[in-house]
Each structure stands twice: as C-alpha cells, then as structure tokens.
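**Student:** Return a 3D structure for these sequence lines:
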Amino acid sequence: MKKRSKALLIATAVLICAAVALTAFNSSASKQAIESKRTPTKYSASPTPTKSYAAIPGTWTYDCEFPVQRPTEIMLTCGDGGMIVINIKWKTWTSSGATGTGTYSQNMCDPDCADGTRVEVPVTIKLNNLFEYKGRNVLKTLDIEAVTGRELPSGDSNMSWDVAEFAVQMNWDVETQ
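**Tutor:** Model prediction:
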C-alpha cells in the first residue's frame with residue numbers, strides 16, 4: 001500500500017508540473033501570436049533618457065516624460081505613438097527658445113489604430129515658455145506649424161502642445177543609474 005501511495009504521489013506531482021509547464025507555454029505562445037499581429041511602427045514609444053541630467057547645465061525639454069536636450073524626435077502621444085514630430089533639425093537652441101524643422105507624423109487610426117496609415121507633413125517647430133523645474137531650465141510649449149500651403153491632419157495649419165505637462169503632473173524626476 002505504501003509503494004502504491006508513493007507512486008500515486010509522484011505521478012500526481014509529475015502531472016501538476018506538466019500542467020504548469022503547458023500553461024506557461026500556451027501563455028507565451030499566445031503573447032507571441034498577439035505581438036506578431038500588431039503592426040510595428042518605426043517610431044519608438046520609449047525615448048532613452050540622458051544619464052545624470054541633473055548634473056548637465058543648459059536648456060531642456062521633454063520627449064514623453066524623459067528630459068532631453070536637442071531631441072531628434074518628440075512624441076506627443078506617448079501611450080501609442082500616434083502623434084510625433086520626427087527628423088528634427090534644430091536651427092537655434094537657447095534658454096529663451098528653440099526653432100527647427102521636422103516632419104509631423106500622425107496615425108489616422110482608420111480602420112483602427114493597429115491598422116491605420118500615417119499622414120506626414122513637413123513642419124517648422126518652436127519650443128518656448130521657459131520655466132524652472134527641479135532646478136533645470138525647461139522649454140515646455142512645442143508650437144508646430146505646417147509648411148506653407150500644407151495642413152496638419154486636423155485641417156489646421158498649426159497646433160501647440162505642452163510637452164512637460166505629463167512629467168510635471170506625475171512629479172517625475174527621471175534619471176538613470
């Protein structure tokens with residue numbers, strides 16, 4: 001009877017381990033299937049923060065919640081990357097403001113955001129409204145204007161965006177080790 005109970009116990013343990021392994025495998029396979037169905041975007045939703053930016057003087061702005069200096073892209077809708085200014089080339093960068101050119105890119109989410117197409121428009125950009133945040137000089141307002149004769153996907157020729165709003169509301173002080 002003892003041999004039979006021990007064998008039954010071992011068999012039960014093996015079955016439990018197999019069930020756990022199978023569940024983990026199916027979960028991983030499902031995740032991979034879902035990820036492979038998503039339409040990849042060429043724009044990253046996670047900019048890389050500068051190391052130890054508190055020690056670096058100068059003028060800053062935000063790309064999502066990350067403090068940056070002279071970024072080459074600024075994402076406006078950080079959750080999904082639906083609205084972004086890319087290929088930024090700065091003409092000026094001072095404590096009173098910055099000016100440059102780039103391309104405004106917006107996912108039109110038609111028929112849905114995963115399968116939507118992007119509309120891209122050449123733009124001029126300005127960063128202004130300097131304020132001090134956590135001991136750093138930050139330009140918070142991004143003004144975007146379509147190049148003459150063009151319109152943004154909204155139908156307007158210009159728009160403004162507070163690029164520091166989210167980081168300030170969350171009271172974030174992002175630094176990397």
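**Student:** quick one: contacts for residue 107?
**Tutor:** Contacts for residue 107 (CB atoms under 8 Å, 6 or more residues apart in numbering) come out as 41, 80, 81, 82, 83, 113, 116, 117, 118. From N, CA and C alone the C-beta is placed, and that goes for glycine too.
**Student:** what about the nearest residue to the fifth one once chain neighbours are set aside, neighbour count?
**Tutor:** Closest residue to residue 83 apart from its sequence neighbours, by CB to CB, 6 or more residues apart in numbering: residue 76 at 4.1 Å. For residue 76, the number of neighbouring residues by other CB atoms under 10 Å comes to 20.
**Student:** before we move on, what about the one 10 residues further on?
**Tutor:** Close neighbours of residue 86, defined as other CB under 10 Å, add up to 15.
**Student:** and if you look at the one 4 residues further on?
**Tutor:** Look at residue 90: counted by other CB under 10 Å, it has 16 neighbours.
**Student:** Just to check, it is in contact with residue 97?
**Tutor:** No: Residue 90 is not in contact with residue 97 according to CB atoms under 8 Å; the separation is 10.9 Å.
**Student:** Starting from the lowest-mean-pLDDT helix or strand in the chain, tell me the next helix or strand along the chain.
**Tutor:** Lowest by mean pLDDT, DSSP states H and E among the helices and strands of the chain is helix 2-37, with a mean of 52. Next helix or strand after helix 2-37 toward the C-terminus (DSSP states H and E): strand 59-63.
**Student:** in its sheet, what does the very next helix or strand once past that next one sit against?
**Tutor:** Next helix or strand after strand 59-63 toward the C-terminus (DSSP H and E): strand 66-68. Its sheet considered, strand 66-68 pairs with strand 59-63 (antiparallel) by DSSP bridges.
**Student:** Which residue ranges make up each domain of the protein?
**Tutor:** 1-37, 53-170 (automatic domain parsing).
**Student:** Would you tell me which one of those domains is buried the most?
**Tutor:** Comparing the domains of the chain by mean neighbour count (mean count of other CB atoms under 10 Å), domain 53-170 comes out on top with a mean of 16.
**Student:** quick one: which of the domains of the chain has the weakest pLDDT on average?
**Tutor:** Mean pLDDT is lowest for domain 1-37 among the domains of the chain, at a mean of 52.
**Student:** list the contacts for residue 76?
**Tutor:** 83, 84, 85, 142, 161, 163.
**Student:** My reading is that the third one lies in a helix. Confirm?
**Tutor:** In this case it means residue 85. No: Residue 85 sits outside any helix when classified using DSSP: H, G, I helix; E, B strand; the rest coil, being strand.
**Student:** my guess is it contacts residue 105, does it?
**Tutor:** Yes: the criterion here is CB under 8 Å, and residue 85 meets it with residue 105 at 7.5 Å.
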